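[1] sequence isn't available, so here's the structure alone:
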């Protein structure tokens, strides 16, 4: 697919990408216009079973660091979804681009994180701009490493990666069911004491 096929000028004079998404940003339009003519964009929908755990392993295993873009970022409540579980299942280190406290919430569930390898104080930053800049520093730190250094780092993290994987598959479900059972009991107990 060529850049000319990606950017179409419609009747309303709005530039579009992939024939669906309006493209108003002049910097992005310029970037796409400068792509080589033989450049092909891959759409994740083209990759078989990307949204299913059994088909996306290849994609996840190609990267050292998983950048988890959680459902919310600039939001007062903590929200952790299945997106955070994917790197755990694929035994990959991760950073969470989410609301403040997401990483602490993941730790409170029983998972281990990577504070021995980089600064995870981004999770405590309420200011969204400071938080995203701190996350970008971690990404820059990783990007400066050679493949050999990343392999060594991954080997060094092996215990954490294995622990998280095993914890997810053996203990988390039981713990969550116990918490749910306790919450139900507490809720019913309150009703009977009134």
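    Alright, I've got the coordinates. If you're wondering where the values come from, they're calculated on a predicted model, not measured in any experiment.
[2] low pLDDT regions in this protein?
    Applying pLDDT under 70 to the chain flags residues 1-25, 27-29, 31-57, 60, 189-194.
[3] what segments of it are strands?
    Listed in chain order, the strands of the chain (DSSP state E) span 7-9, 15-17, 21-22, 66-69, 94-97.
[4] mind listing the helices for this structure?
    Remark: helices assigned in the chain by DSSP state H are 3-6, 26-33, 57-61, 82-89, 102-109, 128-143, 147-156, 158-167, 173-193.
[5] would CSV of those with mean neighbour count and distance to residue 72 be doable?
    C-beta: built from backbone N, CA, C; applies to glycine. Formatted as CSV, the helices of the chain follow (neighbours: other C-beta atoms under 10 Å; distance: least, C-beta to C-beta, whole Å):
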stretch, mean neighbour count, distance to residue 72
helix 3-6, 14, 30
helix 26-33, 12, 24
helix 57-61, 13, 22
helix 82-89, 18, 11
helix 102-109, 18, 9
helix 128-143, 14, 11
helix 147-156, 12, 29
helix 158-167, 15, 23
helix 173-193, 10, 21
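[6] in TSV: these, plus distance to residue 116.
    Shown next, in TSV, are these (distance: least, C-beta to C-beta, whole Å):
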stretch	distance to residue 116
helix 3-6	42
helix 26-33	37
helix 57-61	22
helix 82-89	17
helix 102-109	13
helix 128-143	13
helix 147-156	9
helix 158-167	8
helix 173-193	24
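[7] between these, which one is closest to residue 118.
    Among the helices of the chain, the nearest to residue 118 by C-beta to C-beta is helix 128-143 (4.8 Å).
[8] where's the closest residue in space to residue 157 that isn't next to it in sequence relative to residue 138, distance?
    In space, and not counting its chain neighbours, residue 157 is closest to residue 93: 5.8 Å by C-beta to C-beta, 6 or more residues apart in numbering. When C-beta to C-beta, to the nearest Å is the yardstick, residue 93 and residue 138 sit 10 Å from each other.
[9] could you chop this protein up by domain?
    Per automatic domain parsing, the domain ranges recorded for the chain read 3-41, 57-183.
[10] how near is residue 136 to residue 119?
    12 Å.
[11] same check, this time on residue 125
    Distance check for residue 125 against residue 119: by C-beta to C-beta, it reads 11 Å.
[12] overlap in contacts of these two?
    Common neighbours of residue 125 and residue 119, using C-beta atoms under 8 Å, 6 or more residues apart in numbering, are residue 134.
[13] comparing these two, which shows the higher neighbour count?
    Taking neighbours as other C-beta atoms under 10 Å, residue 125 and residue 119 compare with residue 125 leading, 15 against 12.
[14] once you drop chain neighbours, what's closest to the more buried one?
    That would be residue 131: by C-beta to C-beta, 6+ apart, it lies 4.1 Å from residue 125.
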